[in-house]
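J.: The sequence and its predicted three-dimensional model are supplied below.
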Amino acid sequence: MKVSYFYLLLSLMAMAIIGYLAFYIANSNHDEHDIVVGIGTAISVLLTLGAGMGLSHENSKMNVNMKVMCFLSFILLMAVNFCFAIVGVSMPYYVIVVGLLLIAVAGLLKKMTDIKEV
């Protein structure tokens with residue numbers, strides 16, 4: 001497993017920008033949980049984009065599988081986060097849905113990095 005610090009830095013910048021965008025959308029709708037949406041979106045971006053752009057596997061097939069899984073989960077998590085930001089946040093539902101999705105992504109990513117042969 002190799003780490004590219006430049007792409008991790010890019011994902012940190014994307015995390016700040018997209019997290020602020022989600023906060024701004026939720027705040028413009030006068031949602032009382034706008035900070036939670038911003039932080040949840042930032043964590044989602046950091047996990048998915050950070051792993052998708054900043055990590056690479058030695059095996060080329062596994063590397064492609066890992067990047068596709070990360071970017072598909074990025075799209076799914078962004079859709080969920082922005083739906084909550086636009087429609088409104090019910091705190092328990094938001095924490096449960098986004099938390100379970102993040103746990104699933106982290107578990108799949110860990111399982112993929114543990115596989116030695118594809």
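T.: Yep, it's here. Everything quoted here is computed from the prediction, not taken from an experiment.

J.: Phi, psi for Ser56 please.
T.: Note on Ser56: backbone dihedrals following degrees, to the nearest 10 are phi -140, psi 140.

J.: pLDDT on stretch 86-103, on average?
T.: Stretch 86-103 carries an average pLDDT of 90.

J.: what about the helices in the protein?
T.: With helices called from DSSP state H, the chain shows them at 5-28, 34-54, 60-87, 91-114.

J.: so can I have CSV of those showing mean neighbour count?
T.: Heads up, the C-betas are built off the backbone N, CA and C, glycines and all. Below are the helices of the chain laid out as CSV (neighbours: other C-beta atoms under 10 Å):
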stretch, mean neighbour count
helix 5-28, 16
helix 34-54, 21
helix 60-87, 17
helix 91-114, 14
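
J.: And the contacts of stretch 78-90?
T.: Residues outside stretch 78-90 that contact it (C-beta atoms under 8 Å, 6 or more residues apart in numbering): 18, 22-23, 25-26, 29, 31, 33-34, 36-37, 40-41, 44-45, 93-94, 97-98, 101.

J.: which residues of the protein score low on pLDDT?
T.: Within the chain, the stretches with pLDDT under 70 are 118.

J.: Return the residues in contact with the closest residue to Ala26 other than its chain neighbours.
T.: Spatial nearest neighbour of Ala26, chain neighbours left out: Asp34 (3.8 Å); criterion: C-beta to C-beta, 6 or more residues apart in numbering. Each residue near Asp34 by C-beta under 8 Å, 6+ apart is listed here: Phe23, Ala26, Asn27, Ala85, Val89.
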